[in-house]
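Participant: give me coordinates for this.
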Amino acid sequence: MAARLTPNGIAAVNAGDLDLKPVVQVMDVTKVAGSPERFRILVSDGSTTQDALLATQLSDVARAGRVRRGSVVQLLEYICSTVQSRRMIVILNMEVLIMESEIFGKFEARPEPDSFSNKSSSSKSSSNPHGTPLSNGSCINSTSKAPSYPPTVQPSYNPSPNYKSHGAIAKNEAPSRIIPISALNPYQGRWAIKARATAKGELRRYNNARGDGKVFSFDLLDSGGGEIRATCFNAVADRFYDAVEVGKVYTISRGSLKPAQKNFNHLSNDWEIFLETSSIVELCAEEEDGSIPAQNFNFTEISGIENAENNSIVDLMGIVTSVKPSVTILRKNGMETQRRIVNLNDRSGRSVELTLWGDFCNREGRKLEDMLDSGEFPALAVKAGKVSDFSGKSVSTISATQLFIRPEIPEAQMLREWFDNGGKDASSNSISREVMPGVLRNDTRKNVSQIKDEGLGRGDKPDWITIKASVSFIKSENFCYAACPLLVGDRTCGKKVTKLSGGGWRCDRCDGEFEKCEYRYLLQAQVQDHSGLTWVTAFQDSGADIVGCSAEELFAFKQHDETKFAEIIRSCLFRPFLFRIKVKEEHYGEEQKVKVTVAGAERVDPSTESRYLLDAISKFDHITS
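Facilitator: As a prediction, this is how the structure comes out:
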């Protein structure tokens, strides 16, 4: 295939023609120093060479070697910037026409730009002071003789002036060209983006070695799906905090780009915009908003969260099946906050606990609770939830989280149809609570006698099984303990605390004192089925599943209403449960004992259990036939 380079194509691009789509040859490919995800290439139109920077969406093409020295490419989308008095092409989209070809053409002299090269000045040939270095160390200079296979000539391009008939324009008066967020890079001089504000953080105060200050950030989304965070400090924060509203579209220019702080920024962009006193944020007319979506989601199914890393950020969506009451939690700094647990199900056959913190409890949490009380099971989309692997996998809200109840998006409609057409009655296994990573959610169904007969729990790892059994006895003397209510990360400490002689409580782990403790289940119970019985231990959540109320409530009844307390205990007995249990041999001094811990307890649903038994029977008939 003959290469058809565009004569004078680079000059046309530098003159501002963004519709030409020139065909050029790649002379060199290098990584940008300090940014392993960005690549710089040297392109040629057969007579002139020019530095170009690949946008991040093209990094995989260079990383995989699909564009290399000698490749012939067509530039489909690009912009041109001036960096340190030199022009730089930023390539947004391109097509590789020929992956590898001989270098051809005659080139004008071009000095090497030190600010983007990874080569030292010593690599330039002293005998060719005006040559253009290539990746193999050779040079092509203005006197190089063209090879015998010149490129097929396209019509020459003679660009017209950018501001024809408009008179002289001062350097800083020319309007910045709106570019995609994906094309932003710190090597550009002038730029502008048009994007929707999708999230806005609180105006926070801070104190560090440089003094006091305040800061807030907001997230931006453009029509191409690119996202980036903008951050404002001090006087700039005061100027823009009230001006920026979530859902509105703005044109933003004259900010600086710095590497994104991934510890605090969950967006998939290497850069972050820092607005300055000279920055411009202008509200766009509402009729111009149609091309930019309201929000950008990258949903992970609940089953996929099982393998997600701790503290990773995910988007997820599910049907809300339960909402627990909001409870007051004491933070480690002595401040109180609210916590509420919401359960989500989806088509993957899994469910997960979503922990709402702070204002989410009384805002979205209260609304969800009211909807469930009225018989509605709403779809809930979670933007930027934080994964926790404490006692199984769960998701928590953080300051950047956004919750969307009944979102009007196709994914929500599909989930709604699934739930209404049978998903509501489908069995679902929780990935939350005391389920260890790597445990299969379709735990093997066993009976009680098999725990001993098969020596479960005596290996290096615990055995996880499901049993169908009833509670036959509960130790009511010490069913709970006084626990620390302080927060450690996004979870309560929960360690046993000591009562102080002067009143109040103390936690040795947190090294803190507080007026009120939290009562948590440490339930010792005997469960049995047709094959035998065993003792089990149920902690906070699984204890509440068995008893039907919180440890706080049961402790209050024991203190003030013994009759009600006894009635609740009796109501738990001889009701069938599906217990998900962990069986593990533990050492108590010199004694070894198999401990059975309840990770979850669900009341047996007759229809679901019938389907399970029918399926088991059909499998048995298939094996024996």
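
Participant: domains in this protein, as residue ranges please.
Facilitator: 9-140, 176-288, 302-430, 444-479+522-612 (automatic domain parsing).

Participant: go through the ones you listed and find the least confident stretch.
Facilitator: Across the domains of the chain, domain 9-140 has the smallest mean pLDDT, namely a mean of 73.

Participant: adding mean neighbour count and distance to R491, write the domains of the chain out as CSV.
Facilitator: (C-beta placed from N, C-alpha, C; glycine too.) What follows is those, written out as CSV (neighbours: other CB atoms under 10 Å; distance: least, CB to CB, whole Å):
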stretch, mean neighbour count, distance to R491
domain 9-140, 17, 34
domain 176-288, 17, 19
domain 302-430, 18, 5
domain 444-479+522-612, 16, 11
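
Participant: to L486, which of those lies closest?
Facilitator: L486 lies closest, by CB to CB, to one member of the domains of the chain: domain 302-430, at 4.6 Å.

Participant: any idea how far apart the tips of the closest one sit?
Facilitator: End-to-end distance of domain 302-430 (CA to CA, to the nearest Å): 9 Å.

Participant: what about that domain, distance to the chain center?
Facilitator: In terms of CA atoms, centre = their mean, to the nearest Å, the centre of domain 302-430 is found 15 Å from the chain centre.

Participant: partner residues bridging the residue nearest to K367 when sequence neighbours are not counted?
Facilitator: Using CB to CB, 6 or more residues apart in numbering and skipping the chain neighbours, the partner closest in space to K367 is I405 (6.3 Å). Judged by DSSP bridges, the bridge partners of I405 are L380.

Participant: who touches I405 in this structure?
Facilitator: Residues counted as contacts of I405 (CB atoms under 8 Å, 6 or more residues apart in numbering) are 364, 367-368, 371, 378-380.

Participant: same check on E364?
Facilitator: 356, 403, 405.

Participant: how far away is the last one from I569?
Facilitator: Think I405. 38 Å (CB to CB, to the nearest Å).

Participant: of the domains of the chain, which approaches K516 most closely?
Facilitator: For K516, the closest of these is domain 302-430, at 7.6 Å, according to CB to CB.

Participant: hang on, the earlier thing: as a markdown table, the contacts of I405 with distance to S312 would be great.
Facilitator: Below are the contacts of I405 laid out as a markdown table (distance: CB to CB, whole Å):
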| residue | distance to S312 |
| --- | --- |
| E364 | 22 |
| K367 | 27 |
| L368 | 24 |
| M371 | 29 |
| P378 | 26 |
| A379 | 23 |
| L380 | 19 |
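
Participant: please identify which of those is nearest to S542.
Facilitator: Closest approach between the contacts of I405 and S542, by CB to CB: L368, at 23.1 Å.

Participant: quick check: the closest one is in a strand.
Facilitator: No - under DSSP: H, G, I helix; E, B strand; the rest coil, L368 falls outside any strand and is assigned helix.

Participant: so it touches V320, yeah?
Facilitator: Yes - under the criterion of CB atoms under 8 Å, L368 makes contact with V320 at 5.4 Å.

Participant: need the overlap of contacts for those two.
Facilitator: Taking CB under 8 Å, 6+ apart as the criterion, L368 and V320 both touch 342, 378, 380.

Participant: now tabulate these in CSV and tack on distance to C80.
Facilitator: Below are these laid out as CSV (distance: CB to CB, whole Å):
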residue, distance to C80
V342, 50
P378, 49
L380, 45
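
Participant: which of these sits closest to H530?
Facilitator: Nearest to H530 among those, counting by CB to CB, is V342 at 36.5 Å.

Participant: using CSV, list the CA coordinates for the strand or helix carrying that closest one.
Facilitator: Assigning secondary structure by DSSP states H and E places V342 in strand 336-345. Only the C-alpha atoms of strand 336-345 are listed here, as CSV (Å, rounded to 0.1, in the frame of the first residue of the first chain):
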residue,chain,number,x,y,z
GLU,A,336,-22.0,12.2,66.7
THR,A,337,-23.1,11.1,63.3
GLN,A,338,-25.9,9.0,61.8
ARG,A,339,-25.6,5.5,60.2
ARG,A,340,-28.2,3.5,58.3
ILE,A,341,-27.9,0.2,56.5
VAL,A,342,-29.6,-0.4,53.1
ASN,A,343,-29.7,-3.8,51.3
LEU,A,344,-29.4,-3.9,47.5
ASN,A,345,-30.2,-6.8,45.2
